[in-house]
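Undergrad: dropping the sequence and predicted coords here.
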Amino acid sequence: MSTSLPADPRQLSIHDYTYQLPPERIAPEPLAQRDQSRLLVSRHGALHDLTFQELPAQLPPDALLVFNDTKVVRARLFCHKPTGGIIELFCLEPVAPHRAIEPAMQQTGACVWKCLVGNGKRWKSGPVTLEFENNGQPALLTAERQEAADGYSLIHFSWKPAELPFAEVLRGAGHLPLPPYLNREDTAVDAVRYQTVYAAHEGAVAAPTAGLHFSEQVLAELAQRGIQSARVTLHVGAGTFQPVKAERMEGHAMHGEPISVSRATLEQLLGHLPRPVVAVGTTSLRTLESLYWLGVQATQGQLSADVVPHVSQWQPYEPGSELPATEALQALLHFLAAQQLDTLHATTQLLIAPGYRFRVIGGLVTNFHQPESTLLLLVAALLGPGWRQVYEHALANGYRFLSYGDSSLLLP
């Protein structure tokens, strides 16, 4: 890493992590086949141009590949005013009666969510509605604005039939929240392709896009080669697209996201280390590294059954812990055992930027990210100044960028 970089990323300027991304290099649509995307392998600084189908042969043979199995929900709702105008509601996170995403998705009858509101100035008062079908039968969603603050609104939803879970309401009434830079409506193709083939737990409002390249054939070859895999869950929030506006990173508030990791996965990780752990996507990586910092909290007696465990964005940069990763994971397992829990539920704001020292992961599968984004900071933390060589090579050699773009395997 360059000695000119500050050890504390609070002093970084996001403007030092930029590059020129021509609009035509942003992939507007997915390829016909998931695994036909290109794969740029960066191994110890050497670059190789391949296709994603070749990924299994490129991984360390003793690697553990960790996937984020979140599922994107149809979080965009186009409701109608009595006068006929359209109000768009983008569901961000549940507020009542549940704040946790899984029970919120199973809530029946009514609920309150934090939402972004499109055309909000035209919505003076009163409810807006959305008619939809559930299993061929008519259904009705009603939305009322309770209060607005900080660019968001609290929206009270109610629906008939009242026995429908909110997840079913979104499936019938909602649209997929494609990234704003695609600047188009979602299609039937997106309904399939803006989900990973292994998506399992509903709650994300953006896809973990590194996983979009994996086909059943690639997963089968990984298994055939004996490469182990594990699953974690981080429900990707809209904050993943939040631009960094502060002059220095100390002025940027990292978005928080819920994570869930089973006791079995923690045990699998503990048994695998110190052999390489490769994260599929920045969300899997942030989850895995967050486990380390939650383990540090557990050893210091900071976790309790009454408060949802949380990793703050600057925890790794405080006068730190030299705790081995295995001891951190053991401490989390002891915490779960003491609480008689099979799954760790927590939230993370972890910001990974140059100056961060990785405790759990040794490699990353990821797409090519936007200039001046926290995702690019993460890549720069992993590769050091070599991130520029990777991005310059991708731009010079026709790689497609962002959510529906091509992939990379980064082995520093």
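TA: All right, it came through fine.
Undergrad: and the longest helix along the chain, what's its mean pLDDT?
TA: Looking across the chain with DSSP state H, the single longest helix is helix 282-299. Across helix 282-299, the average pLDDT comes to 97.
Undergrad: off-centre distance for that helix?
TA: Relative to the mean C-alpha coordinate of its chain, helix 282-299 is positioned 14 Å out (Cα atoms, centre = their mean, to the nearest Å).
Undergrad: please identify the buried residues of the helix or strand hosting residue 144?
TA: If you go by DSSP states H and E, residue 144 is part of strand 137-149. Within strand 137-149, the residues that qualify as buried by neighbour count (16 or more other Cβ atoms under 10 Å) are 139, 141, 143, 145. Any C-beta I mention is one placed from the backbone N, CA and C, and that applies to glycine too.
Undergrad: cool, and stretch 217-234?
TA: Residues 218-219, 221-222, 227-234 are the ones in stretch 217-234 that count as buried (16+ other Cβ under 10 Å).
Undergrad: what does it rub up against?
TA: 35, 52-53, 55-57, 59, 61, 63-70, 197-198, 200-201, 203, 208, 257-262, 265, 268-269, 272, 283-284, 286-288, 348 (Cβ atoms under 8 Å, 6 or more residues apart in numbering).
Undergrad: does the spatially closest residue to residue 250 that is not a sequence neighbour count as helix, strand or coil?
TA: Using Cβ to Cβ, 6 or more residues apart in numbering and skipping residues adjacent in sequence, the residue nearest residue 250 is residue 10, 3.7 Å away. The local conformation at residue 10, judged by DSSP: H, G, I helix; E, B strand; the rest coil, is helix.
Undergrad: likewise residue 253?
TA: Classification of residue 253 using three-state DSSP returns coil.
Undergrad: now render the buried residues of strand 137-149 as CSV, adding pLDDT and distance to residue 170.
TA: Output for the buried residues of strand 137-149, formatted as CSV (pLDDT from 0 to 100; distance: Cβ to Cβ, whole Å):
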residue, pLDDT, distance to residue 170
139, 96, 12
141, 97, 9
143, 96, 13
145, 94, 19
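Undergrad: possible to save the residues you listed as CSV with distance to residue 48?
TA: CSV is the format used below for the buried residues of strand 137-149 (distance: Cβ to Cβ, whole Å):
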residue, distance to residue 48
139, 52
141, 50
143, 51
145, 53
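Undergrad: tell me which of these is nearest to residue 126?
TA: Sorting those by how near they are to residue 126, with Cβ to Cβ, puts residue 145 at the top with 9.1 Å.
Undergrad: contact partners for the residue nearest the centre of the chain?
TA: Nearest residue to the geometric centre of the chain (Cα atoms, centre = their mean): residue 236, 3.4 Å. Going by Cβ under 8 Å, 6+ apart, residue 236 touches 68, 70, 72, 204-208, 257, 283.
Undergrad: apply 6 Å and report the result again.
TA: The contact partners of residue 236, by Cβ atoms under 6 Å, 6 or more residues apart in numbering, come to 204, 206, 208, 283.
Undergrad: out of these, which are buried?
TA: Buried among the contacts of residue 236 by 16+ other Cβ under 10 Å: 204, 206, 208, 283.
Undergrad: follow-up on the earlier one: what about the residue nearest to residue 250, neighbour count?
TA: Using other Cβ atoms under 10 Å, residue 10 is surrounded by 16 other residues.
Undergrad: do you know the pLDDT at it?
TA: 92.
Undergrad: next one: residue 1
TA: 32.
Undergrad: returning to what we had before: from the buried residues of strand 137-149, which two are the most distant?
TA: 139 and 145 (21.2 Å).
Undergrad: sorry, back to before: which is the next helix or strand following the strand holding residue 144?
TA: Once strand 137-149 ends, the next helix or strand along the chain (criterion: DSSP H and E) is strand 152-160.
Undergrad: tabulate the CA atom coordinates of that following strand in CSV.
TA: Extracted in CSV, the C-alpha atoms of strand 152-160 (Å, rounded to 0.1, in the frame of the first residue of the first chain):
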residue,chain,number,x,y,z
TYR,A,152,-38.1,9.9,3.6
SER,A,153,-41.8,9.3,4.5
LEU,A,154,-43.4,6.9,6.9
ILE,A,155,-46.2,5.2,5.0
HIS,A,156,-49.0,3.2,6.6
PHE,A,157,-50.0,0.4,4.3
SER,A,158,-53.2,-1.7,4.6
TRP,A,159,-54.7,-4.2,2.2
LYS,A,160,-57.5,-6.6,1.3
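Undergrad: distance-wise, check the most far-flung residue of the chain relative to its centre relative to residue 144.
TA: For the chain, the largest distance from the centre (Cα atoms, centre = their mean) belongs to residue 83, which lies 37.8 Å off. Counting by Cβ to Cβ, to the nearest Å, the gap between residue 83 and residue 144 amounts to 16 Å.
Undergrad: same question for residue 53.
TA: Taking Cβ to Cβ, one finds residue 53 at 50 Å from residue 144.
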